[in-house]
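1. just coords:
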């Protein structure tokens with residue numbers, strides 16, 4: 001293969017790097033310090049993108065695994081037994097993962113939509129009884 005996009009080692013390396021970066025960001029975040037709504041909306045958008053990209057990755061891994069199922073007689077389990085059952089299970093698990101990612105994508109879209117409809121509340125100035133009527137702000 002000449003395309004680096006489809007090389008499994010490159011994909012595995014990119015996935016490992018992304019996992020490390022996300023883990024670092026999560027551990028560095030202070031749960032007591034809530035970000036503003038714009039930041040939450042931006043995070044929501046990225047959450048909608050992540051399951052979609054991971055689903056594409058699962059599809060690619062399924063294609064690669066499928067190549068091995070076409071020649072199952074040339075693949076063995078580590079104990080030397082035929083690998084057809086293991087390959088079939090791997091394919092079923094990838095299909096289940098793809099469905100779970102589709103569900104995650106739907107939930108992320110729902111979150112993003114909900115957060116996108118939020119804005120900081122405008123807090124009117126407090127009226128005090130001491131303010132004359134002329135100085136009170138109009139609403």
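-> It's in. For clarity, every value in this text was computed on a predicted model and none was experimentally measured. Residues are numbered from 1 along each chain as shown.

2. next, the buried residues of the helix or strand hosting residue 99.
-> Following DSSP states H and E, one finds residue 99 within helix 84-116. Neighbour counts over helix 84-116 (16 or more other C-beta atoms under 10 Å) mark 86-87, 90, 94, 97-98, 101, 104-105, 108-109, 111-112, 115 as buried. (C-beta placed from N, C-alpha, C; glycine too.)

3. of the residues you listed, closest to residue 34?
-> Closest approach to residue 34 among those (C-beta to C-beta): residue 115, at 12.3 Å.

4. go ahead and confirm that closest one touches residue 40.
-> Yes - taking contacts as C-beta atoms under 8 Å, residue 115 lies within contact range of residue 40: 5.1 Å.

5. avg pLDDT for stretch 35-44?
-> For stretch 35-44, mean pLDDT is 94.

6. quick check: pLDDT value at the residue nearest in space to the middle of the chain.
-> Nearest to the mean C-alpha position of the chain, by C-alpha atoms, centre = their mean, lies residue 50 at 3.2 Å. If you check residue 50, the pLDDT there is 96.

7. before we move on, what about residue 122?
-> Predicted confidence (pLDDT) for residue 122: 78.

8. what is the neighbour count of it?
-> 5 (other C-beta atoms under 10 Å).

9. sec struct for it, please.
-> coil (DSSP: H, G, I helix; E, B strand; the rest coil).
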